[in-house]
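1. Turn this into a structure:
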Amino acid sequence: MQPRTRRAGALLGLLLGLILAGAAPAAAHPLGNVTVNHYDGLHLYADHVTDSAVEDVAEIPTLQRRASIDTDGNGALSDGERTSYAARRCADLAGTLDLRGPAGRIRMSVTSSGYSEKAGQISLTVGRLECELTGPVDLSRVASLQVQNGWDGAGIGWHEITAVGTGVSLKDSPFPQTSISDELRRYPNNLLA
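-> Numbering: from 1, shown residues only. Got it, this is the predicted structure:
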């Protein structure tokens, strides 16, 4: 067995032991340390739409994704590895975001991306992916806009969408204008029940 495989196996064994022993869930994640949480902050203009998309990944999925981020396998994330991972994940997100305007599906492109990690529970880290997306759409007249996010839909977690307009007004929007989770930075405990 190679050293990296032994280290990952030992870490996974320790992690499972702590979970089975009743380790407390991460306070930052509403459903515990296995969640993948999504936020889409839509901003509508007369000629385009932007999406400030965020993925807040709890400890266990962050650990599971580590090998796809740490491509040189040295156990540390370089700036280049974080940048490359963010660019790939944000491109995936742009491809799965089904945003439709008057002329059909709006092709979203990535204008910026970033990935960071911070300390989480049980000596693991949590990941945060931030993507800025934009796409052309004619909203200079009355129009309907539909959104469906199929990104990483298999996981459990918090899903939130907000929508605001500049130079356009939103009528009967099903989405609030402000994020109740501060874009996945603080989850409201009173809404989890």
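2. what about the strands in this structure?
-> Applying DSSP state E to the chain gives strands spanning 36-44, 48-57, 97-101, 104-105, 109-119, 125-136, 146-149, 159-165.
3. Where does the prediction get shaky in this structure?
-> With pLDDT under 70 as the threshold, the chain has low-confidence stretches at 1-31, 152-155, 191-193.
4. now do 90
-> 1-33, 120-123, 148-159, 186-193 (pLDDT under 90).
5. can you tell me which residue is nearest the centre of it?
-> Closest residue to the average C-alpha location of the chain: E55 at 1.2 Å, with Cα atoms, centre = their mean.
6. correct me, but that one touches P61?
-> No. Using Cβ atoms under 8 Å as the test, E55 is too far from P61 to be in contact (9.6 Å). Placement of C-beta: from N, CA and C, glycine included.
7. Mutual contacts of the two, please.
-> Residues touching both E55 and P61 by Cβ atoms under 8 Å, 6 or more residues apart in numbering: 36, 127.
8. For the closest residue to P176 other than its chain neighbours, name its beta-bridge partners.
-> What sits nearest to P176 in space, not counting adjacent residues and going by Cβ to Cβ, 6 or more residues apart in numbering, is T162, at 5.6 Å. For T162, the beta-bridge partners are G41 (DSSP bridges).
9. Please determine how far T162 is located from L124.
-> 29 Å (Cβ to Cβ, to the nearest Å).
10. Can you tell me which of the strands of the chain is nearest to R186?
-> R186 lies closest, by Cβ to Cβ, to one member of the strands of the chain: strand 48-57, at 10.7 Å.
11. what's the offset of the closest one from the middle of its chain?
-> The chain centroid and the centroid of strand 48-57 are separated by 8 Å under Cα atoms, centre = their mean, to the nearest Å.
12. Show me the strands paired with it, marking each as parallel or antiparallel.
-> Strand 48-57 has these strand partners (DSSP bridges): strand 36-44 (antiparallel), strand 125-136 (antiparallel).
13. Tell me which residues are up against stretch 84-98.
-> When contacts are defined by Cβ under 8 Å, 6+ apart, stretch 84-98 is touched by residues 40, 51, 53, 55, 68-69, 71, 105, 108-110, 113-115, 129-131, 133, 146-151.
14. just the buried members of these?
-> Among the contacts of stretch 84-98, those buried by neighbour count (16 or more other Cβ atoms under 10 Å) are 40, 51, 53, 55, 69, 108, 110, 113, 115, 129-131, 133, 147, 149, 151.
15. Next up, the contacts around V34.
-> Contacts here follow Cβ under 8 Å, 6+ apart; on that basis V34 touches 58, 60-61, 156.
16. Taking those residues together, which two end up most distant?
-> Across the contacts of V34, the longest distance by Cβ to Cβ is 11.5 Å; it joins I60 and I156.
17. neighbour count winner among those two?
-> I60 (23 against 13; other Cβ atoms under 10 Å).
18. For the more buried one, which non-adjacent residue is spatially closest?
-> Leaving aside its chain neighbours, I60 sits nearest to V34 (4.8 Å; criterion: Cβ to Cβ, 6+ apart).
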